[in-house]
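# Sequence below, structure please.
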Amino acid sequence: MPDSRGPGSRNTRTERSETPTPPPVPTEHPTSGIHTATPRITSTLEPKKGPDKEPLNTRVLVSTSRRLGWFTQEYGYSVTNVVDVALQEFFARNGVPDVDSNGEIAE
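Now for the predicted structure:
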């Protein structure tokens with residue numbers, strides 16, 4: 001199927017099924033047979049700390065949902081980030097005031 005983004009463009013994303021999986025980490029030294037403790041990767045990861053977020057439940061047109069799904073899959077963005085950026089740009093264009101350090105609308 002031809003690429004619908006135009007001539008000269010190509011999709012360089014790796015499909016999930018094509019992503020190589022790393023080999024399992026041995027729990028035994030390969031030459032001596034000595035058992036070693038394998039550190040768990042998850043124990044070294046710290047929770048990702050970002051700005052506070054709250055749920056926003058809404059309904060959109062099916063066509064909007066499909067376009068959003070295509071965009072997030074094609075470019076690797078999360079739905080949350082796309083919607084947040086779109087709303088911020090919409091508010092800025094329409095003169096909606098920012099929120100102050102107390103979380104109140106700064107008029």
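# which other residues reach the helix or strand harbouring residue 71?
Taking DSSP states H and E as the criterion, residue 71 maps to helix 62-75. With contacts defined as C-beta atoms under 8 Å, 6 or more residues apart in numbering, helix 62-75 is touched by 13, 60, 77-79, 82-83. (Glycine included, C-beta is placed from N, CA and C.)
# I'd like the secondary structure assignment at residue 88, please.
helix (DSSP: H, G, I helix; E, B strand; the rest coil).
# Look up the pLDDT of it for me, please.
pLDDT for residue 88: 95.
# what's the burial count for it?
Per other C-beta atoms under 10 Å, the neighbour tally for residue 88 reads 12.
# Next: residue 84.
Neighbour count for residue 84, taken as other C-beta under 10 Å: 14.
# My reading is that it is in a helix; is that accurate?
Yes. Counting by three-state DSSP, residue 84 is found in a helix.
# Quick check: it vs residue 60, distance?
Per C-beta to C-beta, to the nearest Å, residue 84 is found 15 Å from residue 60.
# and if you look at residue 90?
14 Å.
# what's the closest non-adjacent residue to residue 99?
residue 105 (6.2 Å; C-beta to C-beta, 6 or more residues apart in numbering).
# Let's see the pLDDT reported for that neighbour.
pLDDT, residue 105: 91.
# That one contacts residue 91, doesn't it?
No. With contact defined as C-beta atoms under 8 Å, residue 105 does not reach residue 91; the gap is 10.7 Å.
# the more surrounded of those two?
When residue 105 and residue 91 are compared for neighbours, residue 91 comes out ahead with 12 against 9, by other C-beta under 10 Å.
# Can you tell me the element that one falls in?
helix 79-93.
# Contacts for that helix next, please.
With contacts defined as C-beta under 8 Å, 6+ apart, helix 79-93 is touched by 53, 56, 68, 71-72.
# I am finished for the moment; much appreciated.
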